[in-house]
Structure formats: C-alpha cells, structure tokens
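Colleague: Generate a structure from the sequence data that follows.
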Amino acid sequence: MGLEFALYVTWALAAAGVAGYAATVAREVTYVTLADGRRQERTLPLSFKMLLPFVGNLDRFVRRAEFAKEVAKADEKLISGGYEGLINGYEFMALRILCPIVMGLIWSLMIFLMGSVIPDSMFVTMRLELCIMGVVLFALQPTLWLNGAVKKRHLSIMKALPFVLDILTLSVEAGMDFISALQRNCQARKLDPLNEELLRMTKEIQVGSSRKTALKSMADRVKQSDLKSVAYALIQADELGVSIGSILRIQSEQLRSRRFDRAEKLANEAPTKMLGPLMLCIFPAVFIILLGPIVAQAVKGMLL
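Modeller: All right, here's what the predicted structure looks like:
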C-alpha cells in the first residue's frame with residue numbers, strides 16, 4: 001500500500017512538473033525580425049515550444065547526409081511560411097523526431113495513469129490503441145502544421161495581391177516610379193504577409209540589388225503561384241522596356257479572373273462535398289422519423 005501511494009505521488013509530481021513547464025512555455029511569445037527591423041509575432045504549437053530547447057541534442061544526427069534533402073525541403077517551406085529566422089530546417093527535422101518520441105511518451109503515460117485512476121473506462125479497454133493513435137498524431141503534427149502554415153500564408157497573399165496591384169497601377173500611372181509606389185504602399189497598408197514580402201524586396205533594392213534580382217528572389221522565396229506570375233511579368237517588362245503600369249493592370253485583371261474561376265470551381269464542388277454529410281446525417285434522421293413509430297409498434301406488439 002505504501003509503495004502504491006508513493007507511486008501515485010511520483011506520478012502526480014511528474015504530471016505537475018510537465019503541466020508547469022507547459023504553462024511557462026505557452027506564455028512565451030515568438031517573433032521573426034522583418035526587413036525594416038520590426039518584429040512580427042509568429043505562433044508555434046505548444047509541443048514545438050516545449051521541445052525546441054532540446055533540439056540541439058540531435059544536431060549532429062540531423063546533419064547527416066541522408067537527411068539533407070528533407071532538411072532543404074523543410075527550410076524552403078519554413079521560409080515560404082514566414083518562419084525564417086525563428087526555426088530552421090535542422091531544428092524542424094529534430095522536432096519531427098522528438099515529437100512522436102517525447103510527446104508520444106507523455107501521452108502514453110497519461111493514458112496509463114488515467115487507466116489506473118479510472119479502472120472501468122476506455123483508458124483501460126483501449127489503452128494500446130489510444131497510445132498508438134497519440135504517437136501517430138504527434139509524428140504527423142510537424143508536417144501538417146508546416147503545410148498548413150504555408151497554405152494559410154499563400155491564401156493571404158492571394159487575397160491581397162489584386163488590391164495591391166490596383167494601388168500600384170494607379171500610383172505608377174499617376175507618375176510615381178515603381179519603387180516609390182511600393183514604399184508608399186508598404187507604409188500605408190497593414191503588415192500582412194504580402195506587405196512583409198514587398199517590404200523585404202524594397203529593402204533588398206535599396207541595399208544594392210537590382211530590381212530583377214529582388215523580384216526573382218521574392219518569387220523563389222514565397223513560391224506562391226500568383227505572386228510568382230506577377231514577379232516574372234515585371235522582370236520581363238524590365239527586359240523588354242514595356243510600361244510597368246500596363247503590365248500591372250494586365251496582371252491585376254488576370255488575377256481577378258483567376259479568383260473568379262477558383263470561386264466558380266468551389267461552387268461547383270459544393271454539391272459533391274455536401275453529399276457526405278447528407279448521407280451520414282439527414283438520411284438516418286429521415287429513416288428514424290419515418291420508420292421509428294412502425295418499429296416501436298412492432299416491438300410493443302411482440303412484447304404484448
């Protein structure tokens with residue numbers, strides 16, 4: 001009995017320690033530094049914040065040649081998702097290894113602890129299944145989070161780009177040069193993902209990069225199809241000596257046309273996507289409403 005009590009106390013202290021550490025790191029705010037020196041908040045998952053202090057222990061392991069391709073791909077996605085300077089590819093690779101091991105272990109210990117505290121529960125009958133499920137989810141979490149961050153940033157850029165192109169078109173056609181128009185746009189608009197990238201591009205030009213190099217660097221860094229299309233169109237306009245204003249207007253019209261096509265495609269897909277919920281929810285409800293009284297009468301007749 002004394003040994004069992006000591007075991008429970010140890011479990012409780014360990015759980016309290018993990019909970020306290022999690023609460024401490026959850027309050028920490030993570031930032032990236034923008035091109036003009038300002039800091040912009042970037043949110044990391046709680047599991048990442050808890051494990052980042054320990055990723056250095058795997059540094060030599062993740063720098064092995066067999067991980068080089070995955071690390072390079074992670075670096076590209078982290079830059080595209082706006083996390084450059086906050087977390088790099090080696091750290092992300094280490095997190096992919098640590099998440100299922102450490103967080104999966106914590107999850108499994110919690111399952112076993114709950115099973116001992118509540119004997120007659122799913123934590124006992126499905127203990128192994130729940131542990132495996134938790135390990136798999138933590139193994140997938142880093143990749144799913146990174147893909148979601150990139151997709152969210154690209155969506156924000158896609159939504160803001162036509163409006164920004166309209167403003168730049170009006171400014172250039174009114175006689176302002178392209179770089180001055182970009183700088184004024186960055187100052188006037190809120191600091192969103194597109195504004196961050198345009199701000200970085202203007203800073204690169206100011207420190208000596210050519211406009212072609214800065215545009216190409218932005219397109220390769222962000223890897224968003226609409227922004228890449230605009231960047232390469234401006235590069236071509238520079239090479240051919242075409243008016244920037246006319247190119248911006250054409251690109252703006254094309255982007256709005258693409259947005260309309262995407263909206264039309266999503267609208268056409270809506271009936272197909274609604275078919276699943278319809279089959280799962282509405283048809284069973286109709287079946288119960290129509291046949292429920294009949295089944296109830298039949299059961300009542302059998303009992304009588």
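Colleague: Return the distance of Ala16 relative to Val9.
Modeller: As defined by Cβ to Cβ, to the nearest Å, Ala16 lies at a distance of 10 Å from Val9. For glycine as for every other residue, the C-beta is placed from the backbone atoms N, C-alpha and C.
Colleague: To clarify, my last question referred to Leu98.
Modeller: Distance from Leu98 to Val9, by Cβ to Cβ: 28 Å.
Colleague: between the two, who's got more neighbours?
Modeller: When Leu98 and Val9 are compared on other Cβ atoms under 10 Å, the one with more neighbours turns out to be Leu98, at 22 against 10.
Colleague: Ser257: neighbour count?
Modeller: As a burial measure, Ser257 scores 11 neighbours (other Cβ under 10 Å).
Colleague: Within the helices and strands, which one has it?
Modeller: In this assignment (DSSP states H and E), Ser257 forms part of helix 244-277.
Colleague: Same question for Val32.
Modeller: Here Val32 is assigned to strand 31-33, by DSSP H and E.
Colleague: which helices and strands sit right next to that strand?
Modeller: Judged by 3 or more Cβ pairs under 8 Å, 6 or more residues apart in numbering; DSSP states H and E, strand 31-33 is in contact with strand 39-41.
Colleague: For the helix or strand following the strand it packs on, name the packing helices and strands.
Modeller: Going down the chain from strand 39-41, the next helix or strand is helix 46-51, by DSSP H and E. When contacts are defined as 3+ Cβ pairs under 8 Å, 6+ apart, helix 46-51 sits against helix 2-26, helix 89-98, helix 127-173.
Colleague: can you list contacts of the second one?
Modeller: Read that as helix 89-98. Residues from elsewhere that reach helix 89-98 (Cβ atoms under 8 Å, 6 or more residues apart in numbering): 48, 51-52, 54-55, 58-59, 61-63, 67, 70-75, 78, 139, 142-143, 146.
Colleague: buried subset of those residues?
Modeller: Buried by 16 or more other Cβ atoms under 10 Å: 48, 51-52, 55, 58, 62, 67, 71, 74-75, 78, 139, 142, 146, out of these.
Colleague: can you pull the contacts of the residue most central in space within the chain?
Modeller: Note on the chain: the residue nearest the mean C-alpha position is Ala149, at 1.8 Å, using Cα atoms, centre = their mean. When contacts are counted by Cβ under 8 Å, 6+ apart, Ala149 touches 81-83.
Colleague: Repeat that for Leu51.
Modeller: Neighbours of Leu51 in contact, by Cβ under 8 Å, 6+ apart: 95, 98-99, 102-103.
Colleague: May I ask which of those residues has the most neighbours?
Modeller: Leu95 (27 neighbours).
Colleague: Give the closest residue to that residue in space, chain neighbours not counted.
Modeller: Pro142 (5.2 Å; Cβ to Cβ, 6 or more residues apart in numbering).
Colleague: Ok, Val242 next?
Modeller: Gln236 is the one closest to Val242 (Cβ to Cβ, 6+ apart), at 7.6 Å.
Colleague: neighbours of the one you found, just the number please.
Modeller: There are 12 residues near Gln236, going by other Cβ under 10 Å.
Colleague: now swap in Tyr90 and tell me
Modeller: Each residue near Tyr90 was counted by other Cβ under 10 Å, and the total is 19.
Colleague: What does the pLDDT read for it?
Modeller: For Tyr90, the model assigns a pLDDT of 93.
Colleague: And the lowest mean pLDDT element among the helices and strands of this protein?
Modeller: Of all helical and strand segments in the chain, the minimum by mean pLDDT, DSSP states H and E falls on helix 122-125, at a mean of 61.
Colleague: What's the local residue count around Asn88?
Modeller: Residues within reach of Asn88, counting by other Cβ under 10 Å, total 17.
Colleague: how close does the residue nearest to it when sequence neighbours are not counted get to Ser243?
Modeller: Of all residues not flanking Asn88 in the chain, Asp75 sits nearest, at 6.3 Å (Cβ to Cβ, 6+ apart). Per Cβ to Cβ, Asp75 is found 37 Å from Ser243.
Colleague: Equivalent analysis for Ala15, please.
Modeller: Relative to Ser243, and taking Cβ to Cβ, Ala15 is found at 67 Å.
Colleague: quick one: low-confidence parts of the stretch 101-250 of the chain?
Modeller: Where the stretch 101-250 of the chain drops to pLDDT under 70, the residues are 115-125.
Colleague: what's the pLDDT at Leu44?
Modeller: The model reports Leu44 with a pLDDT of 90.
Colleague: Let me see the contact set for it.
Modeller: 30, 52, 86-87 are the contacts of Leu44 under Cβ under 8 Å, 6+ apart.
Colleague: If we use 6 Å, what do you get?
Modeller: If you count contacts by Cβ atoms under 6 Å, 6 or more residues apart in numbering, Leu44 has them with Thr30.
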